[in-house]
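> let me see the structure of the following:
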Amino acid sequence: MQDAVGWDTDCKDHLQGYRNDYFTSAGGGNLRTGGINSGASYHNAIWMSKRGQGNASVPLSVNYGTTSIPLQVNDLVFLCGPLVEPDIAGNGGACKTSISGASIINSSARWVTSVNNANDRSPNDFGSGCMYPSMAFSRRKIVDFQVASSPWDGTATLDAGNGILNLWRDDNSRYWSATTNFTYKTAPGKPITSSGTIHLIVENKYFAAYHTTDEYRATKNCSGGGPRNVTNAWLNVDDCGLSQRDLYINIVLNFDYTLTPQITTSPSLLREGDNNINVSASVNNTGNTASDDVDWSVTRFIVAPGANYTKGGAAAAPCTQFSGFVGGSCQTVRNGTTKFAKGTTNVANFVDTLASVPDPGSKVCYVTSVNKGSVAAPTWKHSTVSCSTIERVPFVQVLGNDLRVGSVFSGTNINAGATSLVFNNAGSWVEYGILAPGSIANLASQSGANGGNASPQSVWSGLTFANTGTPVGCTPAYGCFDGASNMGKIPSVSAFVRTAAYNGAPLNHNQGATSFKASDIGSIVPGANIANFTGSASITTTGTITIDQDIMYNTGSLTNANGIPQLILIGNNINIAGNVKHIDAWLIATGTINTCSDVAQTAVRSTNCSNQLVINGPIMANQLLLDRSYYDKTKPEDAAEKINLRSDSYIWSNNVAKQNGQWQTVYSTDLPPRY
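Got it, this is the predicted structure:
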C-alpha cells in the first residue's frame, strides 16, 4: 500500500504539468499523449515474497535451522488515477473537450492517498485516448535465478511449471497481478541461524499487450529487445530479449529463546544497623536467538522473624507470585526492557540502601523476574530468591592483656582457633596479642578493629602470632602459633591462693565440692558486700559457681596498694545469669564459663541475653561461651562483652606475691642490642 500511494502520487505530480491541457474530440491532445501516456497511466513492479504472501514490506520469518524456503515471484501492474472510475471524460464515445488536467487531479475519489485504504476501483473501458486504459495483459517468463548474495549461499529453483507469469486485465480492480512459485535452498551444512538478506538476480523475458484481451488480435511489444507492434499474429515470449531484475527479501529468525533470571546478594548475614545490600541481577538466554522486547524487574520483599515466604504455582507478577512477606514490603527496586542476546546479560548491579533495617531475624529477599520466560511459555518467570538475614552479631573486646587459646589447663589440651567477625565499622578485637594452636580468623589483634577497619586481615592482625611449618589445614599467616602441647600452661592460681595470705589474713575460702552463688559470698567471706566489695579474697570449689547478680568493687579513694579490692572465684563451671551486667572478679574455671547460662545456646536470640556484660579481671577456663547479644544502634562499634584486665589486678598481684615469697635472680645473660 505504501508503494501504491507513492505510485499514484508520482502520477498526480506528473499530471500537474498538464493542468491547463484538454482532450481533443478524438481523445488525443497533449493531455492524453503528454500527460497520461507519458507518466500518469501505469506502474509495474516485480518482487519476491513468502509463498502465499505478496506483501514485500514484511520480512519473512523462519525458524532456526531452516534450510528450505518456499517463495514466489510477484508481478503487478497498477493503474493510476486517470484510468480508473469515475470516467468524467465520457463513456466510450467522443471525449469531452471541456475536461482538463486540473479536473482529473481534483477528482479526489480516484487517487490512492492512504496506506490504510487501497481505494481499489474498476478500470475504465478499453481505449486509446481520453481516460481509457489500453493495456490488456502481459507475459513474463522466468528463465533463470542467480543467487547474487546470501549469508547461507544456496540455490533458487522454479517449482513445477515453466515460470510463466500471465498478468491479465482485471475488470474489477486497478491491481492486476500474477505469481509463480520457486524454492530457495541453503547450501549444504549452512542452515539459517541468523537474520539476513537474500539477493537474487532474475533473468526473464517479457512482453505487454494492448487494446484487447484477445491474445491474437492484441498489439504486443517485447521489452528488452525483440518484436514490437505484433498485431493479428502470435508472439512467443521466447522471442523477446533477455533482461535482468534484482530481487531482495529480508529473512528474520523467529524468536527462539529461553530466559532464566538470576540474582545474587551479599552479605548473606546483615548485621543489625548496617543497611547496604549488594545486588547483582542477570538473565541467561539459552535459546537459539535473541529475545524480543522483554520486561524485567528486581523485586525486594521482607520476611518477618520466624516466618518464610511461599511461591504460588501459577505464573504471576512477583508480588503476586510470592506471599508470606511483611505487608507493604514488596516493591520493585529496579526494572527495564531488554532484548536479551544469547548468553548472560547483566541487567542490574547496585547497592540497595535500606531506609530502615528490619528487626533481627528478618530476611530481606530479592528476586529477578521476566514477564516472558520463553517463546513456548510467554509468561512470568522468576529466579531463585536470594535473602540477607538480619543478624544481631555481638562483639567481644579483650583489653589489658593477650588472648591465649590452647594452653594446658588441668591436664587438658585445648586445640582450637579463635573466630569472630570484623565489619567495616566495628568488630571484635584484642588489645594486644592473640596466640592459638589453630587458625585465627576475623578477630583483630593490636586493637585492629577499634573504630572499624575495612582493610585486609594483614592490617588488623599485627599481633596475631604464627609460626611457619604449621600443621596441614592451618593458615600460617594468622594463627597456628604452636602445637597445643607447646602453648604453655595457664598459671595455677588455685594452688597459689590455697596457702597465700594477704595483709596478715588467709586469702582463700575453700568450699570443697560445695557449689555457691554470688549472693552467697557475703556468708562465705565475712562482711563482704558484692555490690561494694572491699578487701581481698579468693573462693575455691570443685562445684559450680553461679553469678546471679552484679559484683562491683568499692570505688572509693585508696591510700596505698594494700587497699586495692580483689575477688578471685575458682570453680569447675562458672555460670553467669543473663541479668548480670558487671563483674569485678577473677573468673577461673576448670570447665566452662558461660556468660548467659540461664538461656540454652540454641535459644539465644536478640530478645534475650541482651544485656552488655563487663568483666574486670582475668578469665581462665577450659571453655568460654560468650552468649550475650547486646547491640546499640547508636554505638555499632560497642561490644556485647568486654573483658578487661585492668592495672589494679596487676598491682594487686604484685603486692600479694611480695607478701608470700621473694624474687631472686638466678642468673643473667648479656645480649646484643636490638635496633
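> quick check, residue 197 in a helix?
No. Applying DSSP: H, G, I helix; E, B strand; the rest coil, one finds residue 197 to be strand, outside a helix.
> could you give the number of residues near the closest residue to residue 235 other than its chain neighbours?
Distance criterion CB to CB, 6 or more residues apart in numbering; nearest residue to residue 235, sequence neighbours excluded, is residue 220 at 4.3 Å. The C-beta positions use only the backbone N, C-alpha and C, and glycine is treated the same way. Per other CB atoms under 10 Å, the neighbour tally for residue 220 reads 26.
> centroid residue for the chain?
residue 281 (0.7 Å; CA atoms, centre = their mean).
> and the helices in the stretch 551-675 of the chain, which stretches?
Along the stretch 551-675 of the chain, counting by DSSP state H, counting those that start in this stretch, helices occupy 647-659.
> what of the chain?
Ranges of helices within the chain are 2-15, 30, 101-105, 318-321, 493-499, 521-524, 647-659, based on DSSP state H.
> deepest of those helices, which one?
helix 101-105 (a mean of 20; mean count of other CB atoms under 10 Å).
> what mean pLDDT does it have?
Mean pLDDT, helix 101-105: 95.
> any stretches of the stretch 551-675 of the chain with poor pLDDT?
Applying pLDDT under 70 to the stretch 551-675 of the chain flags the ranges 663, 674-675.
> please apply the same query to the chain.
For the chain (pLDDT under 70), the answer is 56-57, 91-93, 409-425, 453-454, 468-477, 663, 674-675.
> okay, domains of it per the record?
Using automatic domain parsing, the domain parsing of the chain gives 2-253, 259-391, 394-489, 493-659.
> nearest to residue 671, out of those?
Closest approach to residue 671 among the domains of the chain (CB to CB): domain 394-489, 20.9 Å.
> what's the neighbour count on residue 643?
For residue 643, using other CB under 10 Å, the count is 25.
> ok, now residue 585?
28.
> isn't it up against residue 614?
No. Counting by CB atoms under 8 Å, residue 585 stays clear of residue 614, with 11.6 Å between them.
> picking up where we left off before, state the distance from the residue nearest to residue 235 to residue 480.
From residue 220 across to residue 480, the span is 104 Å (CB to CB, to the nearest Å).
> same deal with residue 45?
Residue 45 is 86 Å from residue 480, by CB to CB.
> more neighbours: which of the two?
Neighbours of residue 45 and residue 480, each counted by other CB under 10 Å, are more numerous for residue 480; the result is 24 against 14.
> gap between that one and residue 461?
Residue 480 is 13 Å from residue 461, by CB to CB.
> quick one: residue 74 and residue 49 touch, right?
Yes. Between residue 74 and residue 49 there is a contact under CB under 8 Å: 5.9 Å.
> am I right that residue 576 is in contact with residue 549?
No. Judged on CB under 8 Å, residue 576 makes no contact with residue 549 at a distance of 10.3 Å.
> what about those two, which has more around it?
Set residue 576 next to residue 549 and count neighbours by other CB under 10 Å: residue 576 wins out with 25 against 18.
> how about the more buried one, what does it touch?
Neighbour list for residue 576: 547, 583, 593-597, 613 [criterion: CB atoms under 8 Å, 6 or more residues apart in numbering].
> so which of the residues you listed sit within strands?
Judged by DSSP state E, the subset of those located in strands is 547, 583, 593-594, 613.
> beta-bridge partners for residue 210, please?
Taking DSSP bridges as the rule, residue 210 bridges to residue 135, residue 219.
> burial measure for it, as a count.
18.
> next one: it from residue 136, what distance?
6 Å.
> find residues that contact each of the two.
residue 218.
> quick one: neighbours of residue 157, just the number.
9.
> so what's it up against?
145, 182-183, 185.
> so how far is residue 382 from it?
49 Å.
> likewise for residue 37?
From residue 37 to residue 382 the distance is 68 Å (CB to CB).
> more neighbours: which of the two?
Legend: neighbour count by other CB under 10 Å for residue 37 and residue 382, higher for residue 382 (22 against 16).
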